[in-house]
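Peer 1: Build the 3D model from these lines:
(chains A and B)
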Amino acid sequence: MRDPNNHEHHSNPFVAWVNGESKAKPEEEKKLTPTKEKRAAKSADVSVHHDRFHKAYKPLAVILCCAFIALLIFVCVKTPPFGVTDAPTNNEVAQKYIEEGLEDTGATNIVAGMILDYRAFDTLGESSVLFTAVMAVIILLKKDGDKKKEMTERQKKEEALQQHEEELNDRHRDVILKKTAGIVAPFIMMFGIYVVLNGHISPGGGFSGGAIIGAGLILISQAFGSKRTKKFFNFKVFTIITSGALLSYAALKTYSFYTGSHHMETGVPHGIPGAILSSGFILPLNIFVGLIVACTMFGFYSLFSKGEI
Amino acid sequence: MGFFLNHFYEIAAMILFGVGFMGLLLHNNLIKKAVGLNIMDTAVYLFLAQRGFITGRVAPIMGDNLEASVEEYINPIPAGLVLTGIVVSVSVTAFSLALIQMLHKKYHTLNLDEILLKAKQEKEKKKALEEREDA
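Peer 2: As a prediction, the model looks like this:
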């Protein structure tokens, strides 16, 4: 076993990074900071830990949490027990969704009918939250092409090192990973598409299917390198797909908000329940949500790993 | 003892929530704080999912039997709420991890105390520099 006090020699650099002990980059930086300041920082650090508040902080936090848990459990045991029929949550709203959901929405998956028809505005909000999150991550992490001139020598060196590393990785990619991904990835993609397209008649839907497709894209990018995925999925494609899907979702849903609010005709036939082409707008809405989720998942991955899409 | 068994999942969810909250309070490492936040999210999903469950009923997806009766299916509303929760938690986690990565790039540490200390020192340094310039 590893000595718990000896944190400097972690075999896994990721573990070291998560524990905040990564020494790969800071080495150079530390030389740059004057020793006087370092000493001051150390003494201040020590004083912080000997503070009376910090001494009492940990036991206080544990006591607070235990009291919190006790309070929550005390409230919980007053609620109706698990699995009973007459709990107040199972009220006429749920009853209505189950009884009239098929007739109103045409979807045999009542949850899909609920989130993409009765509560479609909520789902539009969810997709917008994902979109906003990926925008924020792009603002924070994306490497800016224009800023290249302003970079310091050190940053330039770092970038060159990273590029070299990437090239090495490309040349010596794991054969097992490559072969397995080559066999598995098409099936993952197919399954993801199946889950998206059957969202209204079976378990699944845009969010879960989109996550599966995103995972497949991440696997392809891991196995064959980002250069391969860049051929069909670059920043331009990403922008067009996400914003296009979100706008189309909004357009479709505003159309049905105006024409098909409850007990009004949308003009879109519901079709035979259980068939793929049924339940009005739910199928296209599922596809748009799936596109947004897949792009977002892959976007998060590539932004966090490379700083670009 | 009976009510503990009756509220088994709720109590488990509450304990999970507390564990996540304790992680938020006790850990100085920002990544571990994000993990704690995710554990709290999981507790909320567990709580919502168990609220919707009714003993002896199945998920609200009609197979061959298209004659819907309320007595056959569980409550579909918590499922939709869990979906919302998952999406929001993914977004929040991604955003917070991006912020953490930026902080690590600037301060080369994930320890919150050290980051605050370094930020304070930087501020003081800037102030001193400005005062010198004014003088």
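Peer 1: Residue A:174 - how many residues pack around it?
Peer 2: The local packing of residue A:174 (other Cβ atoms under 10 Å in any protein chain shown) involves 12 other residues. Backbone N, C-alpha and C define where each C-beta goes, glycine included.
Peer 1: let me redo that: residue B:15
Peer 2: Residues within reach of residue B:15, counting by other Cβ under 10 Å, total 14.
Peer 1: and it, helix, strand or coil?
Peer 2: Using DSSP: H, G, I helix; E, B strand; the rest coil, the structure places residue B:15 in helix.
Peer 1: mind listing what it touches?
Peer 2: Contacts for residue B:15 (Cβ atoms under 8 Å, 6 or more residues apart in numbering or on different chains) come out as A:69, A:73.
Peer 1: Of all the residues in stretch B:104-124, which ones are buried?
Peer 2: B:104, B:107, B:108, B:109, B:110, B:111, B:114, B:115, B:117, B:118 (16 or more other Cβ atoms under 10 Å in any protein chain shown).
Peer 1: which parts of the longest helix seen in chain B are buried?
Peer 2: In chain B, with assignment by DSSP state H, the single longest helix is helix B:77-107. Using 16+ other Cβ under 10 Å as the test for burial, helix B:77-107 gives B:77-101, B:103-104, B:107.
Peer 1: could you point out which element follows it?
Peer 2: Where DSSP states H and E defines the elements, the next helix or strand beyond helix B:77-107 is helix B:112-134.
Peer 1: Quick one: mean pLDDT for that next one?
Peer 2: Confidence over helix B:112-134 (mean pLDDT, whole number) is 90.
Peer 1: Give me the distance from it to the chain's centre.
Peer 2: On the basis of Cα atoms, centre = their mean, to the nearest Å, helix B:112-134 sits 33 Å off its chain's mean C-alpha point.
Peer 1: how much does it deviate in direction from helix B:77-107?
Peer 2: Using axes from the mean of the first three to the mean of the last three Cα atoms, to 10 degrees, the direction of helix B:112-134 lies 50 degrees away from that of helix B:77-107.
Peer 1: in terms of contact count, name the helices or strands touching helix B:112-134.
Peer 2: Judged by 3 or more Cβ pairs under 8 Å, 6 or more residues apart in numbering or on different chains; DSSP states H and E, helix B:112-134 is in contact with helix A:35-49, helix B:30-52, helix B:77-107.
Peer 1: For that helix, list the C-alpha coordinates in CSV.
Peer 2: Taking C-alpha atoms only, helix B:112-134 is exported to CSV below (Å, rounded to 0.1, in the frame of the first residue of the first chain):
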residue,chain,number,x,y,z
LEU,B,112,-10.1,26.8,-1.6
ASP,B,113,-8.3,28.3,1.3
GLU,B,114,-5.1,28.7,-0.7
ILE,B,115,-7.0,30.2,-3.6
LEU,B,116,-8.6,32.8,-1.3
LEU,B,117,-5.3,33.5,0.3
LYS,B,118,-3.5,34.0,-3.1
ALA,B,119,-6.4,36.2,-4.3
LYS,B,120,-6.1,38.3,-1.2
GLN,B,121,-2.4,38.7,-1.6
GLU,B,122,-2.8,39.6,-5.2
LYS,B,123,-5.3,42.3,-4.3
GLU,B,124,-3.1,43.7,-1.6
LYS,B,125,-0.2,43.8,-4.1
LYS,B,126,-2.3,45.6,-6.6
LYS,B,127,-3.4,48.1,-4.0
ALA,B,128,0.2,48.7,-2.9
LEU,B,129,1.3,49.2,-6.5
GLU,B,130,-1.5,51.7,-7.1
GLU,B,131,-0.6,53.7,-4.0
ARG,B,132,3.0,53.8,-5.1
GLU,B,133,1.9,55.1,-8.4
ASP,B,134,-0.2,57.7,-6.8
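Peer 1: what residue ranges in the stretch 201-309 of chain A are flagged as low confidence?
Peer 2: Residues of the stretch 201-309 of chain A meeting the criterion pLDDT under 70: A:256-257, A:259-267.
Peer 1: whoops, I mixed them up, chain B
Peer 2: Using pLDDT under 70, chain B drops low at B:1, B:65, B:68.
Peer 1: pLDDT score assigned to residue A:31?
Peer 2: With respect to pLDDT, residue A:31 scores 47.
Peer 1: circling back to that earlier point, dump the helices and strands packed on helix B:112-134 to TSV, plus distance to residue A:135.
Peer 2: TSV is the format used below for the helices and strands packed on helix B:112-134 (distance: least, Cβ to Cβ, whole Å):
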stretch	distance to residue A:135
helix A:35-49	36
helix B:30-52	20
helix B:77-107	10
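Peer 1: Looking at these, which is nearest to residue A:282?
Peer 2: helix B:77-107 (13.6 Å; Cβ to Cβ).
Peer 1: Just want the angle from the closest one to helix B:30-52.
Peer 2: Using the same axes, to 10 degrees, helix B:77-107 lies at 180 degrees relative to helix B:30-52.
Peer 1: anything in helix B:77-107 near chain A?
Peer 2: Yes - Helix B:77-107 lies within reach of chain A by Cβ under 8 Å from any Cβ of the partner chain, at B:77-80, B:83-84, B:86-88, B:90-92, B:94-95, B:97-99, B:101-102.
Peer 1: which helices and strands sit right next to the longest helix of chain B?
Peer 2: The contact analysis (3+ Cβ pairs under 8 Å, 6+ apart) places helix B:77-107 against helix A:92-105, helix A:110-113, helix A:120-141, helix A:206-224, helix A:282-306, helix B:30-52, helix B:112-134.
Peer 1: run the last query once more with 6 Å
Peer 2: With contacts taken as 3 or more Cβ pairs under 6 Å, 6 or more residues apart in numbering or on different chains; DSSP states H and E, helix B:77-107 sits against helix A:120-141, helix B:30-52, helix B:112-134.
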